[in-house]
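Asks: Just the structure for this:
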Amino acid sequence: MFYRPAEGHGLPHNPFNAIVSPRPIGWISTRGPDGDNLAPYSFFNAVAYTPPQVIFASNGVKDSVTNIRATRVFAVNIVEEAMLHPMSATSAVLPPGTDEFIHAGVPKEDCTTILCPRVAGAPATLECELVDIVTLRGPDNFLIIGEVTGVHLRDDCIRGGRFDVTTFTPVARLGYRDYTFVRDLVELKRPGDK
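Replies: Numbering: from 1, shown residues only. Now for the predicted structure:
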């Protein structure tokens with residue numbers, strides 16, 4: 001099968017979301033003029049080491065983007081298997097100003113380097129200052145770039161000097177309504193590594 005996205009795929013469900021998978025989920029928390037907000041974004045990733053930077057994309061002008069424009073900060077909370085259902089609950093379309101932490105029963109606490117809430121007890125949280133918001137092609141598509149100014153790691157997730165993802169089982173997005181969990185690791189040295 002071949003199709004041009006501009007002409008449609010002819011399938012009952014769009015295959016594009018399933019092609020690039022699994023995708024990590026950035027559970028983005030913000031604080032704005034109308035209160036706190038928490039929303040999951042599966043178009044998310046780390047993109048630079050020095051200084052550390054992350055990106056996520058928003059399809060639509062959502063509370064997250066509005067708050068980041070106002071405050072220039074946000075936090076990325078890593079989603080573990082135990083938080084799958086609360087994470088999903090925060091994706092609901094709710095009236096502006098609704099606190100998704102409260103709506104989904106997610107505990108929160110303040111960040112350290114920025115004025116923003118974070119998911120209390122998350123395996124990891126990246127506190128970020130806004131670098132840029134890039135307008136992408138299409139209606140209301142935005143790429144948000146942040147520089148990491150603080151990192152929270154849950155103590156039980158550190159083993160042998162490494163942040164061990166098998167201690168909490170990260171959630172990743174597949175296509176459609178499908179998710180997966182990272183349970184298995186394969187260590188592979190690069191050519192030339194000692």
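Asks: need the longest helix for the chain.
Replies: helix 63-71 (DSSP state H).
Asks: Name the residues of that one that come out as buried.
Replies: For helix 63-71, the neighbour count (16 or more other CB atoms under 10 Å) marks 63-68, 71 as buried. C-betas here are computed from N, CA, C, even on glycine.
Asks: could you say what helices and strands that helix packs with?
Replies: Helix 63-71 is packed against strand 26-32, strand 35-41, strand 73-78, strand 124-135, strand 141-153, with contacts defined by 3 or more CB pairs under 8 Å, 6 or more residues apart in numbering; DSSP states H and E.
Asks: Tell me how far it lies from the chain's centre.
Replies: Distance of helix 63-71 from the chain centroid (CA atoms, centre = their mean, to the nearest Å) equals 15 Å.
Asks: how about that helix as PDB, C-alpha atoms only?
Replies: Output in PDB follows, covering the C-alpha atoms of helix 63-71 (Å, rounded to 0.1, in the frame of the first residue of the first chain):
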ATOM      1  CA  ASP A  63      -4.200  25.100  28.100                       C
ATOM      2  CA  SER A  64      -0.600  23.800  28.200                       C
ATOM      3  CA  VAL A  65       0.500  26.000  25.300                       C
ATOM      4  CA  THR A  66      -1.500  29.000  26.700                       C
ATOM      5  CA  ASN A  67       0.200  28.600  30.100                       C
ATOM      6  CA  ILE A  68       3.600  28.100  28.700                       C
ATOM      7  CA  ARG A  69       3.300  31.300  26.600                       C
ATOM      8  CA  ALA A  70       2.300  33.200  29.800                       C
ATOM      9  CA  THR A  71       4.900  31.800  32.200                       C
END
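Asks: And the contacts of that helix?
Replies: With contacts defined as CB atoms under 8 Å, 6 or more residues apart in numbering, helix 63-71 is touched by 28, 30-34, 37, 39, 41, 58, 74, 96, 115-116, 130, 133, 142, 144.
Asks: now it: mean pLDDT?
Replies: For helix 63-71, mean pLDDT is 96.
Asks: what's across from Glu147 in the sheet?
Replies: On the basis of DSSP bridges, Glu147 is bridged to Gln53, Glu129.
Asks: Point out where the protein drops to low pLDDT.
Replies: Under the criterion pLDDT under 70, no range of the chain is flagged.
Asks: Go ahead and flag the most central residue of this structure.
Replies: Closest residue to the average C-alpha location of the chain: Gly26 at 0.6 Å, with CA atoms, centre = their mean.
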